[in-house]
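J.: Everything below, folded, please.
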Amino acid sequence: MNTRPQRVSSPNRVVAGIAGTVAVIAGVLGLVVSLVSGAPFAAAEGALVARTFSMNPFGSLLAVAAGAGLLLCAARGRRPAIAANRVLGTVWLLVGYAALFAVGTPWNALALNGADAAALFAGAVLQLGVGLGARRDLADGLADRATGGEDRR
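T.: Residues are numbered from 1 along each chain as shown. Now for the predicted structure:
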């Protein structure tokens, strides 16, 4: 008989893990590219990553920190992953909206461009959709089927 606790997966943990991984990779890549190109720390114009996304060291460090937070929450469990997806999904939405107005101005401390805004909106839709919509673990869904639909929360 297996006495180990079962590791329960949830859509929130999966999305937080994937989004965290993408944010860390993008942040590290942006940091390397912006440091090699000599981009100032919080300049309105950053170095282009993959010829599309604009990054400066400030935005890159924020992306690494946000990604690390998402990965930590995904590893901690379903509830922290739900909270992280909701909070960072909202942050991505607000920063993406602000990017629409900040592009081409001196207030653009994250060196955002149109492609960055589109990526932020896509991340916001994904994380808010899962954080607000997919609340139950896969194991809860199976238990609900077995018990006739009772909610065990």
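J.: Can you tell me, leaving aside adjacent residues, what's nearest to residue 82?
T.: residue 12 (4.8 Å; Cβ to Cβ, 6 or more residues apart in numbering). Placement of C-beta: from N, CA and C, glycine included.
J.: Determine the set of other helices and strands touching the strand or helix carrying the one you found.
T.: Assigned by DSSP states H and E, residue 12 falls within helix 11-37. Under the contact definition 3 or more Cβ pairs under 8 Å, 6 or more residues apart in numbering; DSSP states H and E, helix 11-37 sits against strand 47-49, strand 53-55, helix 57-76, helix 78-102, helix 114-133.
J.: now the fourth one: how far from the chain's centre is it?
T.: Helix 78-102 has its average C-alpha position 8 Å from the chain's average C-alpha position, going by Cα atoms, centre = their mean, to the nearest Å.
J.: Check which residues of that helix are buried.
T.: 78, 80-82, 84-89, 91-93, 95-96, 98-99, 102 (16 or more other Cβ atoms under 10 Å).
J.: hang on, the earlier thing: columns distance to residue 24 and mean pLDDT on top of the helices and strands packed on helix 11-37, output as JSON lines?
T.: Putting the helices and strands packed on helix 11-37 into JSON lines (distance: least, Cβ to Cβ, whole Å; pLDDT from 0 to 100) gives the following:
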{"stretch": "strand 47-49", "distance to residue 24": "14", "mean pLDDT": "79"}
{"stretch": "strand 53-55", "distance to residue 24": "13", "mean pLDDT": "86"}
{"stretch": "helix 57-76", "distance to residue 24": "4", "mean pLDDT": "94"}
{"stretch": "helix 78-102", "distance to residue 24": "13", "mean pLDDT": "94"}
{"stretch": "helix 114-133", "distance to residue 24": "13", "mean pLDDT": "93"}
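J.: quick revisit: what about the helix holding residue 12, average pLDDT?
T.: Across helix 11-37, pLDDT averages out at 93.
J.: Going forward, the N-terminal residue is numbered 225.
T.: Sure, I'll start counting at 225 from here, so that last one is helix 235-261.
J.: Tell me the buried residues in it?
T.: 235-237, 239-241, 243-244, 247-248, 250-251, 253-255, 257-258.
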